[in-house]
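Chemist: pasting the sequence and the predicted coordinates here, then a few questions.
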Amino acid sequence: MNRILIIILFLIPLSLYGGNGDISVNVETEATFAGGSFSPLWLTNNKYGMSSAGGDNFYLRAGAGWDKSFRYGWKLGAGLDLATAAGQASKFWLQQAYFDVSWRMLSLSIGSKERIGSPLEKDPLLTSGWMAEGINTRPIPQIRAEIRDFYSLPFTGNWLSLKGHLAYGAFLDGNWQESFATTGQAYARDVKYHSKALMLRIGNKEKFPAEFEVGLHMATQFCGDQMRKMADGSSELLLDMPDGFRNYINAFFPSSGGSDTTWGEQVNVEGNMLGSWNFAVNYYFRDWKFRLYLDHYFEDHSQLTWQYGRWRDGQLGLEIDFPKNRWVSSFLWETISTKDQTGPLLYDGFAGSFSDLQMSGCDSYYCHYIYQSWQYYGMGIGLPLLPGPAYNEEGSLTYMSNRMKANHFGLRGNPAEGWSWRILASIARHWGTYSSPFDNVKHQFSGLAEVRYNPPKLNKWTFKAALGIDNGDLLGNSVGGTISVNYKL
């Protein structure tokens, strides 16, 4: 396999060069050093999986991209990005390998590509992440049709815009899950992926200084096998989920499973269905921009709707873009809660004397009884402040804590030509899970200070240095640093 990938690495740039398009080449190396059991949270997360939760790690990546525009709004693009590492989940992997075709606002992307999974726009350098899908894991290979950017509907006088996507793909981390799981632990393999979203924007900032956005984003794990790691290193098949055309339809239209699925899939919906409601308000005042947003996560209909009253969980954020100055360009504040989860009670009337009683609580965010958790190569696909399975020292593939309240702050600026900086700080309280609560509330602080330099006379080079600090009793105490060098041609 490695030989094949090396051959592809040489052949694709050569074939792309013959197309007379725009070619870009990127080479990057990064090393992270840490003094605790884990690397500081913000040295590791929201980096498209290009890091490791555990201690010191290093990577070298090299890639090439090609883009070409044609008449009548057609565009083609392709890219290949390979990485090798030490101290990470893999020693060698394909980070990106994709082919894109676009016509006007419509695009079709095939393969693995670094993209923000959610339609809700946030500052990727400052945010704590996205509740359902963000930038915290390696790209999931998929076929994705989308309108990437807001498209203004002409018959509305540019007052209504929309964007969205529809994607099907596959999780390729089955072998990693098998190697990570310890004796007696369950894991999943050959799991399929589905995601869809629609986002609307109402407003025309050329005529009125405010815009309102609303959208729905849904994602699913489905099909695949549930396995259990045995003492001799082998694996036992626990559950073989069906993999047919009907299952892909059930993923698109959330539907209960057939008789070939488990009882739980038949009385609820098939697969690990989750998503988020997204709301935002933009306000423009002279050279200022204010953006207020709500990213509300849900696992089932109890949080999808107001079945039990107002939502108590979600991420509320405020972004401020300042007029151009030497010191601070953007500020972000987010407050997050995942503590409620519709309460601790889950009862479907299948036991006891109350056959007509149903209470759809105990949503257990990011966890699932078949697929273990909403993760990819150990990193949470959703919000990084809820650490993924890579932080479990006992080899479990579920979340150690999914009930949390937190506040997160971010600042960044460009003090001089070629220089930029950012600071992140998060303060969180954790209660564990409803099924495995902590004896005492655990506290965790995570901070980051980072500086980047892109020399004006050597503008193809970018140098980065960062210091990260963790302090608390969830992930422990850790101080670490990152240095990286990037060359882009």
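Modeler: All right, it came through fine. Residues are numbered from 1 along each chain as shown.
Chemist: which SS class is the residue nearest to the spatial centre of the chain?
Modeler: Nearest to the mean C-alpha position of the chain, by C-alpha atoms, centre = their mean, lies residue 134 at 2.6 Å. Three-state call for residue 134 (DSSP: H, G, I helix; E, B strand; the rest coil): coil.
Chemist: where in this structure is pLDDT low?
Modeler: Applying pLDDT under 70 to the chain flags residues 1-19, 309, 345-361.
Chemist: heading C-terminal from the strand ranked longest in it, find the next helix or strand.
Modeler: Looking across the chain with DSSP state E, the single longest strand is strand 437-453. Downstream of strand 437-453, the next assigned helix or strand under DSSP states H and E is strand 461-472.
Chemist: alpha carbons of that following strand, as PDB, please.
Modeler: Output of strand 461-472 as PDB, limited to C-alpha atoms (Å, rounded to 0.1, in the frame of the first residue of the first chain):
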ATOM      1  CA  TRP A 461       7.700  30.300   4.400                       C
ATOM      2  CA  THR A 462       5.600  30.400   7.600                       C
ATOM      3  CA  PHE A 463       7.000  29.800  11.100                       C
ATOM      4  CA  LYS A 464       4.900  29.000  14.200                       C
ATOM      5  CA  ALA A 465       5.600  28.700  17.900                       C
ATOM      6  CA  ALA A 466       3.000  27.900  20.500                       C
ATOM      7  CA  LEU A 467       2.800  27.300  24.300                       C
ATOM      8  CA  GLY A 468       0.000  25.300  25.700                       C
ATOM      9  CA  ILE A 469      -1.100  24.800  29.400                       C
ATOM     10  CA  ASP A 470      -3.500  22.400  30.900                       C
ATOM     11  CA  ASN A 471      -4.400  22.400  34.600                       C
ATOM     12  CA  GLY A 472      -7.100  20.400  36.300                       C
END
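Chemist: in that strand, what counts as buried?
Modeler: Neighbour-count burial for strand 461-472 flags 462, 464, 466, 467, 468, 469, 470, 471, 472 (criterion: 16 or more other C-beta atoms under 10 Å). C-beta: built from backbone N, CA, C; applies to glycine.
Chemist: repeat for stretch 407-416
Modeler: 408, 409, 410, 411, 412, 413, 414.
Chemist: hey, where'd the helices end up in the stretch 1-150 of the chain?
Modeler: Taking DSSP state H, counting those that start in this stretch, the helices of the stretch 1-150 of the chain run over residues 2-17, 41-44.
Chemist: ok, residue 62 - how many residues close by?
Modeler: Residue 62: 17 surrounding residues under other C-beta atoms under 10 Å.
Chemist: once you drop chain neighbours, what's closest to it?
Modeler: Among residues not flanking residue 62 along the chain, residue 27 sits closest, at 4.8 Å (C-beta to C-beta, 6 or more residues apart in numbering).
Chemist: check residue 44 too.
Modeler: Distances taken as C-beta to C-beta, 6+ apart place residue 51 nearest to residue 44, at 4.4 Å, with adjacent residues excluded.
Chemist: hmm, back to that, just checking, the residue nearest to residue 62 touches residue 462?
Modeler: No. With contact defined as C-beta atoms under 8 Å, residue 27 does not reach residue 462; the gap is 11.1 Å.
Chemist: does residue 422 count as helix, strand or coil?
Modeler: strand.
Chemist: which element is the closest residue in space to it that isn't next to it in sequence on?
Modeler: Setting aside the residues directly before and after it, residue 422 is nearest to residue 412 in space (C-beta to C-beta, 6+ apart), at 3.9 Å. Assigned by DSSP H and E, residue 412 belongs to strand 404-413.
Chemist: just residue 248 next, same as before
Modeler: helix 245-252.
Chemist: what's the burial count for residue 484?
Modeler: Quick note: residue 484 (other C-beta under 10 Å) scores 17 neighbours.
Chemist: now do it against residue 451, distance only.
Modeler: 11 Å (C-beta to C-beta, to the nearest Å).
Chemist: which neighbours do these two have in common?
Modeler: Counting by C-beta atoms under 8 Å, 6 or more residues apart in numbering, the shared contacts of residue 484 and residue 451 are residue 464.
Chemist: show me where the stretch 151-300 of the chain has its strands.
Modeler: Ranges of strands within the stretch 151-300 of the chain are 160-170, 186-189, 192-202, 210-222, 225-229, 235-240, 272-285, 288-298, based on DSSP state E, counting those that start in this stretch.
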